[in-house]
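Asks: need a structure here:
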Amino acid sequence: MDTVSLSDLVGGRRIRVVGDVHGDVDAFRHAVATDRFVIQLGDLVDHGPDSPGALRLMTRLIDERRGLFVLGNHDRKLARALSGRKIRRDPPLEHTVRALFDPENDDIRDRALFEINRAPPWIVLGRRVFVHGGFHTQMLQQPAPPGLGAVTPLLSRALFGETTGRMQKDGYPERRLNWIDHIPPGFTVYCGHDRRSTDGRPWVRTGRAGGTAVFTDLGAGKGGHLAWIDLPDDV
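Replies: Here you go, the predicted model:
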């Protein structure tokens, strides 16, 4: 989705940014009980109690033209699994897939695959960037590619952030945040993926170039809670 069509969709409405949901549908219901346009930052599924419910609620927002989501790495893994791709063993993902093949969720399975397939890996709206994992300056010049296509370096940054090339003890890549220093002055990047907060509030950092990153993942579906931020009117 490009900036022009997004601007048309938002239609001058104020924006609420919602962080990683991870199947915490009850918290998600509270987050979207607003007249603001909702931009959800990806990872709708896995870990929490009701991933199908979170997907169902997101599709309702889309149908009512009240919101959209950017692609998260968990959403992409789910789409690949539903498409028959071989995925490394991942218990939260396997639980989500089993739940989506329960007959009571027949209404959402194909629709979820369709919406994940067309979800943008990042969105630029004025001086605000909405992305799941991390920012790169090329996102300001290049249109977002298909999220389920080949994982290019830019798509990798959008989905997974920036990594050191080393693996942690938990089996996941070690991440770093050098990208924050490259956010241009006056720009704000809203992202999820990295749970950096230690006080239950979104984690905000200003980089060397003068731009700001806001990390919204507060552990919803994993024992934490869901964050949302109401943006001021100036874009």
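Asks: mind listing the strands for the chain?
Replies: 15-18, 37-40, 67-69, 122-125, 128-131, 162-167, 173-176, 188-191, 203-206, 212-215, 228-230 (DSSP state E).
Asks: measure how buried Ala99 is and give me the count.
Replies: For Ala99, the tally of surrounding residues (other CB atoms under 10 Å) stands at 20. Every residue, glycine included, has its C-beta placed from N, CA and C.
Asks: so it sits right up against Ile108, yeah?
Replies: No - Ala99 lies out of contact with Ile108 (CB atoms under 8 Å); the separation is 9.8 Å.
Asks: find residues that contact each of the two.
Replies: Each of Pro52 lies in contact with both Ala99 and Ile108 under the rule CB atoms under 8 Å, 6 or more residues apart in numbering.
Asks: on that earlier part again, tell me which of the strands of the chain lies nearest to Leu140.
Replies: strand 122-125 (6.2 Å; CB to CB).
Asks: ok, and the helix or strand in the chain with the lowest average confidence?
Replies: In the chain, the helix or strand scored least confidently by mean pLDDT, DSSP states H and E is helix 3-10, which has a mean of 65.
Asks: pLDDT score for Thr164?
Replies: On the pLDDT scale, Thr164 is placed at 73.
Asks: what's it in contact with, if anything?
Replies: So Thr164 contacts Pro173, Glu174, Arg175, Arg176 (CB under 8 Å, 6+ apart).
Asks: buried subset of these as a PyMOL selection?
Replies: In PyMOL, this line selects whichever of those come out buried by 16 or more other CB atoms under 10 Å:
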select buried, resi 175
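Asks: lowest-confidence member of the contacts of Thr164, which is it?
Replies: Among those, Pro173 has the lowest pLDDT, at 70.
Asks: for the nearest residue to it once chain neighbours are set aside, list the residues it contacts.
Replies: In this structure, Pro173 finds its nearest non-sequential neighbour in Thr163, 4.1 Å apart by CB to CB, 6 or more residues apart in numbering. Residues near Thr163 by CB under 8 Å, 6+ apart: Pro173, Glu174, Arg175, Arg176.
Asks: how about those in CSV, adding distance to Gly200?
Replies: Below are those laid out as CSV (distance: CB to CB, whole Å):
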residue, distance to Gly200
Pro173, 26
Glu174, 25
Arg175, 21
Arg176, 24
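Asks: of all those residues, which comes closest to Val32?
Replies: Using CB to CB, Arg175 comes nearest to Val32 of the contacts of Thr163, at 28.5 Å.
Asks: report how many residues lie close to Leu68.
Replies: 22.
Asks: what about it, distance to Val38?
Replies: Distance, Leu68 to Val38, using CB to CB, to the nearest Å: 8 Å.
Asks: any common contacting residues for these two?
Replies: Counting by CB under 8 Å, 6+ apart, the residues touching both Leu68 and Val38 are Leu61.
Asks: hang on, isn't Asp75 packed against Gly42?
Replies: Yes - using CB under 8 Å as the test, Asp75 is close enough to Gly42 to be in contact (5.8 Å).
Asks: overlap of the contact sets of those two?
Replies: Counting by CB under 8 Å, 6+ apart, the residues touching both Asp75 and Gly42 are Phe69, Ala119.
Asks: give me the residue at the spatial middle of this structure.
Replies: Geometric centre of the chain, nearest residue: Gly42, 1.8 Å, by CA atoms, centre = their mean.
Asks: can you pull the contacts of that residue?
Replies: Per CB under 8 Å, 6+ apart, neighbours of Gly42: Asp20, Phe69, Val70, Leu71, Gly72, Asn73, His74, Asp75, Ala119, His132, Gly192, His193.
Asks: out of the residues you listed, list just those in helices.
Replies: Among the contacts of Gly42, the members found in helices (DSSP state H) are Asn73, His74, Asp75.
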